[in-house]
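Asks: Kindly generate the corresponding structure for this input.
(2 chains)
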Amino acid sequence: MNSTLQLLPGQIGHFFVILSFVSALVAVLSYAFAIKADEANQQAWFRFARTSFYLHSISIFGIVVSLFYIIYHHLFEYHYAWSHSSLSLPTHYMISCFWEGQEGSFLLWLFWNALLGLILIRTNKIWEAPVMVVFGLVQVFLASMILGVVIGEGFKIGSSPFILMREAMSNAPVFTSNSNFIPQDGNGLNPLLQNYWMVIHPPTLFLGFATTLIPFAYVISGLYLKKYREWIRPALPWALFSAAVLGLGILMGGYWAYETLNFGGYWNWDPVENAVYVPWLILIAAIHTMIVFRKSETALKAAVILSILVFLLILYSTFLTRSGILGNASVHSFTDLGLSGQLLIYLLVFTIGALFLLIYRWRSLPSTNEEVSTYSREFWIFMGATVLCLSGFQVIAVTSIPVYNSLLEAFGVSSNIAPPADQIAFNNKFQLWFALGVALLSGVGQFFWWQKIDKKVLWNSLSAPFVATMVISAAVIVLAKVGDIKYILLLTASLFTIIANGFILFQIARKSPKLSGGSITHIGIGLVLVGILFSSGYSTVISMNQSGLVYHSQFSEDMNRENILLWYNTPVKMKDYDVTYKGKAIEAAGFPGFIPMSKVSQTPDPFRVIASSDLTYNKKVYFTTGDTLSIDPVNTYYQVSYATNDGKSFDLYPRAQVNPSMGLIASPDIKRKLSHDLYTHVSSIPDPTDQKEWKEKSWDTLSIGDTFFINDYIVIFNGVSRVKEVEGVQLGQQDVAIKALLELVSTGKEELLEPLMIIDEGMIGRFPSTNENLGIKATLEEVIPAEGRFVFSSQHTQKDYIIMKAMEKPAINVLWIGTLVVMIGFGVAIQRRYSEFASMRDKNVE
Amino acid sequence: MKKFHLFIILVVGVAIFVIASTAGDASVYVSFNEANTMQAQGENESVHVVGQLTRNDQGTIVGINQSDKLSFSFQMVDQQNNVRTVVYNEPMPPDFERSEQVVVIGKMKGEVFLAEKILLKCPSKYEEKEVQA
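Replies: From the prediction side, this is the model:
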């Protein structure tokens, strides 16, 4: 490791940060001049503006490269590398370091915006200048978040990812005594983020965030240029793209939570989740109004308002999750980087600016007094958009509770309201009815969309799907034993959406498959709702504690415990399974499965272990005794075997990560079946840092072939053998090393204890043999050659155990399949809407 | 425009219902003493209490009891410096011993706070302010 500070990468990086800020500012101004300029000067302004934005994009790229260089080369003199990376971090997770820190995630957002800006410059003609003014302005604000410039006394703008350790921790004694000190190793990446979903989920989500800016930029341009209807054509394909990416990002987050976190679900109504979910709902509503704007002036106004609102909500969410205002309301740890003020200005500038423009232009927006007919598609789609907005309103109203406290405090009123004690139940209670509305309307709405309908035609065309829904829904309700009236209603409505849209898809797919995006998406939504209904509504905990352990005297009787305690190798009955904890296991490079910890021995290097027996997988030998294996010591897996009555069995390996700076983190393992998932995770394990307390020694003097007890286990003394090599000990010529073979017979599988004794010119060295799982230890204490007898001592301690929770989640596959269908639907719709825009643009209309 | 007005009234109605319901179901941040008073007055709502864990000189948390491993209890000091035992009907959360500030959600039962949920505020790595030489 280089011992001198490498200042250059940080200086280059910081230079690019400043350059990106300045060039964005220049791009905004020159695009603004390009709008105003007369024809003679316009082209010159355009060229200058584009060059500035290209320069801006290059500097963003430069920042990314500089930061990656610092992380990749482990330059721990930089605070960002020190706090988010470490020497042992695999390269593919170094990318995740970018979004663990706030500065890095702002950088990611900047990066996507720059890329999208470049695409918009290429794909637009008349919209380029005003759209890029908005884009540039957003980039100015985002770049200011990582600017890290101090003006005057302690007035800081932005938090730079390139600050050095000695700047970040100027008061630490290490740096006051030696300002050139470089930490040996970094703090490492949060183990929860060391997961492949965390490599792709944040970029997807931030691409979703970034794309919401595009419809906003178009609507602002439309208002400014008084092109009140024309902005929708270019904005619509982007709005669809944004909805698809943001939706995918949300679901990836849910899937990551389901696979990695142990709260047992994919959605928790946590503020961080709500902060993305609400803008997404409003975006979907905006898309619906954009689709019907031609016929309805009300929808046009709604499209304008909602497209603006989506982006403002993204800004509001950013403020909520990054300013530290959620403090005591969320399980997530938010850090306040001191950017609250800057974030608030960012939010207010765009809110006030957009609002001002909207009010200024409101009177000139197209308007009509014509009543919309109840039998028109505009009416029903507008209804759908309204339900979506109300649904979003409900969630944001409860998520913003901490904001009300802060606002009231700002006016000198002390307020102590907290979010509802059970946020999940509270939100589900409402969202279920909104989902019901969405399901019904998306079934009916599609019929109005594709058919000119009056009263008679409506019932004719709806009767077939209606009857089909009733039949299928009745069958599902009976078979799946759906009892709750709320769930029956939601199930029926969701099935109606799937079936009704299925009818439509069948009709239009033959004539014009290009137009099938809407019906495919709505089928997907129906599937997602059915999946959510069953997997959440009918998720059951099967690991009920039936051991009869005395409950805590303070508990009320109905408080059931939902975890079971599994001692090593002791089967416990759990619903249809006999469950047995079979010990710890690890993963090693070059081995396809899990390796029981008992088959390897530790070395002083935590990343290396030595095989203490041959390691096979599917009858193929991968490693032989004595081979060195490289492992990732962060992950420990707990082998739990499930046996069913019909003699079949399978193993699950829930994981716990032992991380020195964060304690223990449990991740689930899931048995995926067609009808349901079996979801299990470790709730608690013995603290690995605790010293074991061994009980008093007990002594046995044995001849070969004798049987004795260690704790409750029957042990046979099978003899002794001489050994030539002892790991870690240098045997001299005169030394004798012998190994006693003790066979444990009552544990159900072959296990041995092999205590060693080394005799070196009268000095005796004793090496006890321990079985960690069973919590027993044997030592060969003495040899009595005259009698041919051997003296053993044995000790026992607590057996290894885990506390585990298991749940069954029915129909969760329907949810994931539904998501896929939604994405396909969006894809089809995006293609159609973009080709509409492109053909108009190429006619030089737009 | 009659239908439109009806529609507006409906939307506003739902919005008001949502706000009223949110206000009704909202919990409060209180101290242990206030939670006691509320419970004595027969209010059966769950409340939030913000507090700190107490550590001894070696840095271990004082007052943890997890005798049967499927539940545990600990001492918490609320913001008015009152100490109470908090009982949680789940195994100890893995990173509990790392946390400093905790928010417990639940009810008082006598002198003991029964937690339904615990929010941990770990001194996350972002906030790590110590560096070893």
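Asks: Report the central residue of chain B.
Replies: The centroid of chain B falls nearest to B:Val104 when counting by Cα atoms, centre = their mean (2.5 Å).
Asks: which SS class is it?
Replies: strand (DSSP: H, G, I helix; E, B strand; the rest coil).
Asks: list the contacts for it?
Replies: Contact analysis of B:Val104 by Cβ atoms under 8 Å, 6 or more residues apart in numbering or on different chains lists B:48-49, B:51, B:76, B:86, B:88, B:113, B:115, B:117-119. To be clear about C-beta, it is placed using only N, CA and C from the backbone, and glycine gets the same treatment.
Asks: which of those residues are close to chain A?
Replies: Subset of the contacts of B:Val104 in contact with chain A: B:48, B:117, B:119, counting by Cβ under 8 Å from any Cβ of the partner chain.
Asks: could you redo those as CSV and give each row pLDDT?
Replies: Below are the ones next to chain A among the contacts of B:Val104 laid out as CSV (pLDDT from 0 to 100):
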residue, pLDDT
B:His48, 89
B:Lys117, 84
B:Leu119, 81
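Asks: Narrow the residues you listed to those in strands?
Replies: B:48, B:117, B:119 (DSSP state E).
Asks: May I ask which helix or strand of chain B has the lowest mean pLDDT?
Replies: Counting by mean pLDDT, DSSP states H and E, the weakest-scoring helix or strand in chain B turns out to be strand B:112-121, with a mean of 84.
Asks: What is the subsequent helix or strand relative to the top helix by length along chain B?
Replies: Criterion DSSP state H: the longest helix present in chain B is helix B:2-25. Note on helix B:2-25: by DSSP states H and E, the next helix or strand toward the C-terminus is strand B:27-30.
Asks: Now the element after that next one, going C-ward?
Replies: The helix or strand immediately downstream of strand B:27-30 is helix B:32-40, counting by DSSP H and E.
Asks: now for that next one, which elements pack on it?
Replies: Counting contacts by 3 or more Cβ pairs under 8 Å, 6 or more residues apart in numbering or on different chains; DSSP states H and E, helix B:32-40 packs against strand B:47-53, strand B:101-109.
Asks: SS state for A:Met198?
Replies: helix.
Asks: which residues touch it?
Replies: A:Met198 sits next to A:96, A:192, A:256, A:260 when contact means Cβ under 8 Å, 6+ apart.
Asks: What separation do you get for the residue nearest to the centre of chain B and chain A?
Replies: Distance, B:Val104 to chain A, by Cβ to the nearest Cβ, to the nearest Å: 11 Å.
Asks: Excluding chain neighbours, give the residue nearest to that residue in space.
Replies: Using Cβ to Cβ, 6 or more residues apart in numbering or on different chains and skipping the chain neighbours, the partner closest in space to B:Val104 is B:Ala115 (4.4 Å).
Asks: what does the domain assignment say about chain A?
Replies: Chain A breaks down into these domains under automatic domain parsing: A:1-194, A:212-419, A:441-538+A:811-846, A:564-687+A:803-808, A:698-798.
Asks: Run the chain-centre distance for the last one.
Replies: For domain A:698-798, the distance from its own C-alpha centre to the chain's C-alpha centre is 49 Å (Cα atoms, centre = their mean, to the nearest Å).
Asks: same question, the second one
Replies: Here domain A:212-419 shows a centroid-to-chain-centroid distance of 21 Å under the convention Cα atoms, centre = their mean.
Asks: what is the mean pLDDT for that domain?
Replies: Domain A:212-419 comes out with an average pLDDT of 87.
Asks: Residue 8: how many residues sit nearby?
Replies: I went with chain A, as the question did not name one. 10 (other Cβ atoms under 10 Å in any protein chain shown).
Asks: Wait, chain B was what I had in mind.
Replies: Residues near B:Ile8, counting by other Cβ under 10 Å, number 11.
Asks: Same check on A:Thr211?
Replies: Residue crowding around A:Thr211 was assessed by other Cβ under 10 Å; the count is 24.
Asks: distance of it from chain B?
Replies: Distance, A:Thr211 to chain B, by Cβ to the nearest Cβ: 28 Å.
Asks: residues touching that residue, list them.
Replies: So A:Thr211 contacts A:112, A:116, A:238, A:241-242, A:245-246 (Cβ under 8 Å, 6+ apart).
Asks: For residue 113, list the residues it contacts.
Replies: In the absence of a named chain, this looks at chain A. With Cβ under 8 Å, 6+ apart, A:Asn113 has these contacts: A:135, A:138-139, A:142, A:210, A:213.
Asks: That was the other one, I meant chain B.
Replies: B:32, B:35, B:49, B:76, B:84-87, B:104, B:106-107.
Asks: JSON lines for the residues you listed, including pLDDT?
Replies: Output for the contacts of B:Phe113, formatted as JSON lines (pLDDT from 0 to 100):
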{"residue": "B:Phe32", "pLDDT": "90"}
{"residue": "B:Ala35", "pLDDT": "87"}
{"residue": "B:Val49", "pLDDT": "90"}
{"residue": "B:Met76", "pLDDT": "89"}
{"residue": "B:Arg84", "pLDDT": "89"}
{"residue": "B:Thr85", "pLDDT": "89"}
{"residue": "B:Val86", "pLDDT": "90"}
{"residue": "B:Val87", "pLDDT": "88"}
{"residue": "B:Val104", "pLDDT": "89"}
{"residue": "B:Gly106", "pLDDT": "89"}
{"residue": "B:Lys107", "pLDDT": "88"}
